[in-house]
Each structure stands twice: as C-alpha cells, then as structure tokens.
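In: got a sequence here, can you model it:
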Amino acid sequence: MKKNNIFFLYSFVYELFIILFIGLLSTYNKYYLFIIIILILSLLFFYRNNLNITLKPNNFLSPSASKITKIERKNNINIVSTYLSPFDKHFMIAPCDCQVVNKIYKPQRKTDVECMRHIMKDKYNNEFYLDQIVSKPLHWGWMPSLLYDRCVSFVNIGQHLKQGERYGLIRFGSNMEYGLPLNYKINNVVNKKIMIGEPIAKI
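Out: From the prediction side, this is the model:
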C-alpha cells in the first residue's frame with residue numbers, strides 16, 4: 001500500500017476511534033447508540049473511495065469533486081476557485097505528475113480560517129499551487145478540537161507524486177483554489193460541477 005494511502009487510512013481510523021470512544025464515555029441508552037450509528041455511517045460516506053480515475057498525462061485533473069465558482073487572471077496566473085459540498089469526497093489527488101516544492105499551513109486570504117497550500121511543479125517545471133481552504137462562513141467553531149485540522153496533508157516537501165495519487169484531504173467540505181500557469185489552457189466554465197479526476201486544463 002502506498003504511503004499516502006496509509007495516511008488516508010490512518011485519518012479514517014483515527015476519526016472512527018474518536019466516535020467509538022465518545023460512545024463508550026456516554027451513558028448507554030438507545031439514543032446514544034442511534035447517534036453513534038449515524039456518525040459511523042456519515043464517516044463511511046465522507047471517506048468513500050474512488051478507484052476509477054482515468055489518468056490523462058497531458059491534462060491537469062481536478063484534485064477534488066467540487067463546483068467552479070470563479071475563474072480569473074490575477075498576478076500573472078489563472079486562479080480557479082471551487083466549492084466543495086459536505087457530500088463531496090474528502091480526499092485530494094495529484095492533478096498531474098508533479099513534485100511538492102513547498103507546503104504552507106497559513107491563511108492566505110482575509111476570509112480564511114484555515115488554509116493548507118501545496119506549491120508544486122509539473123514535469124515541465126511549471127509551478128502551480130493548490131489551496132485547501134476553510135473560510136469564515138463555513139467555519140464550525142463549535143466542532144470539537146478532537147478532529148484537529150480540517151485541512152490535512154499526507155506529503156512532504158520534495159516528494160514526487162504520480163497523477164491520481166492522494167496527497168491530502170479536507171474534512172466536511174469548504175473551498176479550494178488552484179493557481180495555474182498562464183500556459184495551461186483552462187477548459188471549464190463557472191458554475192460547472194467537476195468530479196474528482198475530471199480534466200480542468202490542458203498542460
């Protein structure tokens with residue numbers, strides 16, 4: 001099993017353990033049991049797998065299932081903003097064969113509560129970034145800190161990734177932003193729902 005898939009499995013098992021631990025601490029009755037069953041089913045739904053990604057070497061694939069909310073040119077890059085619903089798959093995949101140049105866990109916008117930025121370069125040395133974002137309107141301040149960060153990374157700086165390989169996840173949905181080089185030809189439009197692994201741009 002690949003290292004990134006082990007991290008993904010670890011995250012799932014960790015959250016499952018938390019749910020079961022809370023259940024054990026609770027006074028046993030049918031209502032608590034019902035809540036625990038619902039939480040476990042929700043966890044299985046959020047972490048449902050996808051093994052049918054078709055690799056397309058000359059394309060930049062969508063790292064997640066999401067809806068495109070904005071496409072704009074800014075600071076000599078194309079920025080694609082997307083929204084992930086709570087029902088979309090949680091994990092992120094490498095959009096192309098690439099290398100992790102840097103990781104920055106820090107809000108990048110005034111509206112960010114949490115942001116994990118992966119800066120990567122493709123096989124042609126084109127640099128791009130992928131932001132996993134939890135924004136203020138979608139921040140659930142009441143959520144127990146036991147879930148730790150909502151934006152999670154499975155990779156290290158310098159690591160090489162194959163197209164379609166998992167590199168992280170974002171819990172309970174929120175937003176993503178992709179900063180793409182101008183020489184990438186974007187072939188999508190605003191308000192389009194794109195599935196994980198679907199081409200966003202031509203490299």
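
In: low pLDDT regions in this protein?
Out: 1-8, 10, 14, 19, 22, 24-29, 47-51, 137-148, 173 (pLDDT under 70).

In: could I get the full set of strands for it?
Out: 59-61, 66-74, 77-84, 91-93, 98-105, 112-122, 127-135, 151-153, 160-161, 166-170, 174-180, 185-186, 193-194, 199-202 (DSSP state E).

In: as TSV, these with mean neighbour count would be great.
Out: No exception for glycine: its C-beta is placed from N, CA and C like everyone else's. Output for the strands of the chain, formatted as TSV (neighbours: other CB atoms under 10 Å):
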stretch	mean neighbour count
strand 59-61	23
strand 66-74	15
strand 77-84	20
strand 91-93	25
strand 98-105	16
strand 112-122	20
strand 127-135	22
strand 151-153	20
strand 160-161	17
strand 166-170	24
strand 174-180	23
strand 185-186	14
strand 193-194	16
strand 199-202	19
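
In: dump those strands to a markdown table, plus distance to residue 39.
Out: Formatted as a markdown table, the strands of the chain follow (distance: least, CB to CB, whole Å):
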| stretch | distance to residue 39 |
| --- | --- |
| strand 59-61 | 31 |
| strand 66-74 | 24 |
| strand 77-84 | 20 |
| strand 91-93 | 19 |
| strand 98-105 | 27 |
| strand 112-122 | 22 |
| strand 127-135 | 20 |
| strand 151-153 | 19 |
| strand 160-161 | 32 |
| strand 166-170 | 18 |
| strand 174-180 | 20 |
| strand 185-186 | 39 |
| strand 193-194 | 27 |
| strand 199-202 | 33 |
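
In: tell me which of the ones you listed sits nearest to residue 21.
Out: Across these, residue 21 has its closest neighbour in strand 151-153 (19.8 Å, CB to CB).

In: pull up the pairing partners for that closest one, direction included.
Out: Partner strands and pairing direction for strand 151-153 (DSSP bridges) are strand 166-170 (antiparallel).

In: off-centre distance for the partner strand?
Out: For strand 166-170, the separation from the chain centroid amounts to 5 Å (computed by CA atoms, centre = their mean, to the nearest Å).

In: got the angle between that strand and strand 127-135?
Out: Angle, strand 166-170 to strand 127-135, by axes from the mean of the first three to the mean of the last three CA atoms, to 10 degrees: 20 degrees.

In: just the CA atoms of strand 166-170, as PDB, please.
Out: Only the C-alpha atoms of strand 166-170 are listed here, as PDB (Å, rounded to 0.1, in the frame of the first residue of the first chain):
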ATOM      1  CA  ARG A 166      -3.700  11.100  -2.900                       C
ATOM      2  CA  TYR A 167      -1.900  14.000  -1.300                       C
ATOM      3  CA  GLY A 168      -4.400  15.200   1.400                       C
ATOM      4  CA  LEU A 169      -8.000  15.700   2.400                       C
ATOM      5  CA  ILE A 170     -10.300  18.400   3.700                       C
END
